[in-house]
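S.K.: I would like to see how this sequence folds:
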Amino acid sequence: MKKLIAASAIALLFAGHAAVSSINIAHSAPAPLSLVVDGQAVLPQAPPFRSNGVLYIPARALLEYFPVQLQWNNSRKQLTLSTSWDKTVLTPGSASMQVSYTQTDGGYNEELDAPVLLKAGRVYIAAASLDSLTGAVTELKTGGSRVTVTPGDVSTTVRVPAAPLAVADNNAKVKLYAALKDGNTYKGFILEVNGRKQRFNWNVPRDYSHPPQLFYADIDADGKPEATVVFTLGTGTSVVAQEVHVVKPEQWKELSVPAADKAAAAAVSSSISIDQNDVLLKLDLKGPTPSKVTMRIPDRAEDGLKYFGKTAAIGAVTYYTVEKNKLLADTSLMLGMSESMGTLRLEYKAGLTGMESGSITFEPHDTTEAFVEK
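M.R.: I've put the predicted structure just below:
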């Protein structure tokens, strides 16, 4: 079982005990092999190879994951990987690596899956060692000629993936890439619009089940489309959190966007009261077209205000989207801890310094529509 390591980048690389690899090389392809990291071919002058049933990859591939420096000592025949806090020495012929601390005394030896090898003047490590130490997944497909390495959840990679995380539906030239993947977090993104690229320091969780969304539309009505990025920050029982970023690609200027839950809370007043056997929820919606909504929840008075509270809860579930050149947000309105009455829909508009909340409407669920008093 691979050991998951969640320390700093170099600690992540060199901590933990080596584990048995899941690489299947029983039916490997004829040499030469090529090495592909994050979808991009790398190190063509140092191809992977097999030795005594072990698949080897160049130690220099570690630079694809960690910002370390490599230094070869020809007299000692040793490769040193250095950071500001660690030094790790790989010795061809040895099945262990020596780790010493830069700032303090001490260190340790770490067993590898197979001996380090020196071939054609280059140092190689077993692909299984990369797997067990970093959480990356190394694959050699039956009959194939490529060794592919995909970072795992606990891996760090300094490579910008060739495949974008998101592409705008209406313009294939608008793309979003990860600039750095560090464990379970994306640290920075690269936005590409019509061949031009710009980096943004947006830090969000890596959630494969909820990838980023990318829209390209003129949401501020200035005649030029903006790139709108929506990230899912987290999900759970009755909870969905999202974050939105709007960028004007001509100047790579990011526009401010009020968070939907805060904007809705500022635009909606609510009160909860008991009326005989029923619970009354009254909403007062401000904005360009103010409105009032009263909901009567029958036969719930016995639960009391201790359960329902005195005001509705806003924003536990929030989704952003772009439709018909409008930036929209749907955020939940709930009673008690988990009873959703409906959705508050915000429509954003251009403001003096960025986007600002415009109209807001309330849409009950199908199951609660009957509670709305006409």
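S.K.: hang on, residue 303 in a helix?
M.R.: Yes: counting by DSSP: H, G, I helix; E, B strand; the rest coil, residue 303 is part of a helix.
S.K.: So it sits against residue 274, correct?
M.R.: No: using CB atoms under 8 Å, residue 303 makes no contact with residue 274, being 9.4 Å away. Bear in mind the C-beta positions are built from the backbone N, C-alpha and C, glycine included.
S.K.: which residues touch residue 243?
M.R.: Contacts for residue 243 (CB atoms under 8 Å, 6 or more residues apart in numbering) come out as 202, 204, 230, 231, 233.
S.K.: How about the secondary structure of residue 67?
M.R.: Following three-state DSSP, residue 67 is assigned to coil.
S.K.: hmm, back to that, in the contacts of residue 243, which residue is surrounded by the most others?
M.R.: Using other CB atoms under 10 Å as the neighbour criterion, residue 231 leads these with 24 neighbours.
S.K.: Could you list the residues in contact with the one helix or strand that residue maps to?
M.R.: Residue 231 belongs to strand 226-236 when assigned by DSSP states H and E. Contact with strand 226-236 is made by 166, 168, 174, 176, 189, 191, 193, 202, 204-205, 207, 210, 212-220, 240-249, 255, 320-322, 327, as judged by CB under 8 Å, 6+ apart.
S.K.: how close does the residue lying closest to residue 277 once chain neighbours are set aside sit to residue 275?
M.R.: The shortest distance from residue 277 to any non-neighbouring residue, by CB to CB, 6 or more residues apart in numbering, is to residue 301 (4.9 Å). Distance, residue 301 to residue 275, using CB to CB, to the nearest Å: 8 Å.
S.K.: quick one: which of the two has more around it?
M.R.: Between residue 301 and residue 275, residue 301 has the larger neighbour count (other CB under 10 Å), namely 17 against 10.
S.K.: Spit out the contact partners of the most centrally placed residue in the chain.
M.R.: The residue lying closest to the centre of the chain (CA atoms, centre = their mean) is residue 206, at 2.4 Å. By CB under 8 Å, 6+ apart, the contact list for residue 206 reads 153, 181, 183, 184, 185, 186.
S.K.: 7 Å - rerun?
M.R.: Residues near residue 206 by CB atoms under 7 Å, 6 or more residues apart in numbering: 153, 181, 184, 185, 186.
S.K.: next one: phi and psi at the spatially closest residue to the second one that is not a sequence neighbour?
M.R.: So the one you mean is residue 181. In space, and not counting its chain neighbours, residue 181 is closest to residue 157: 5.0 Å by CB to CB, 6+ apart. The phi and psi values for residue 157, taken as degrees, to the nearest 10, are phi -130, psi 140.
S.K.: three-state assignment of residue 45?
M.R.: Classified using three-state DSSP, residue 45 is coil.
S.K.: hang on, the earlier thing: so how many other residues sit close to the residue nearest to residue 181?
M.R.: 21.
S.K.: swap in residue 109?
M.R.: Using other CB under 10 Å, residue 109 is surrounded by 10 other residues.
S.K.: Is it correct that it falls within a strand?
M.R.: Yes: remark: residue 109 belongs to a strand, assigned using three-state DSSP.
S.K.: Now do the same contact list for the closest residue to it other than its chain neighbours.
M.R.: Among residues not flanking residue 109 along the chain, residue 96 sits closest, at 4.9 Å (CB to CB, 6+ apart). Residue 96 makes contact with 109, 110, 111, 112, according to CB under 7 Å, 6+ apart.
S.K.: what does the average pLDDT come to for the helix or strand residue 343 falls within?
M.R.: Per DSSP H and E: residue 343 is located in strand 339-350. Strand 339-350 comes out with an average pLDDT of 96.
S.K.: Emit the ChimeraX select command for whichever of the contacts of residue 206 are buried.
M.R.: The ChimeraX command for the buried members of the contacts of residue 206 (criterion: 16 or more other CB atoms under 10 Å) is given here:
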select :181,186
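S.K.: quick one: which of the contacts of residue 206 is nearest residue 336?
M.R.: Checking those against residue 336 with CB to CB, the nearest one is residue 184 at 31.9 Å.
S.K.: Secondary structure element holding the spatially closest residue to residue 250 that is not a sequence neighbour?
M.R.: Spatially, and ignoring its direct neighbours in sequence, residue 250 is nearest to residue 224 (6.5 Å; CB to CB, 6+ apart). Here residue 224, judged by DSSP H and E, is contained in no helix and no strand.
S.K.: So, low pLDDT: which residues of the stretch 51-200 of the chain?
M.R.: Within the stretch 51-200 of the chain, the ranges that satisfy pLDDT under 70 run 142, 153-154.
S.K.: Show me where it has its helices.
M.R.: 127-134 (DSSP state H, counting those that start in this stretch).
S.K.: sorry, back to before: looking at the contacts of residue 96, which one is closest to residue 66?
M.R.: residue 110 (15.1 Å).
S.K.: what's the spacing between that closest one and residue 225?
M.R.: 52 Å.
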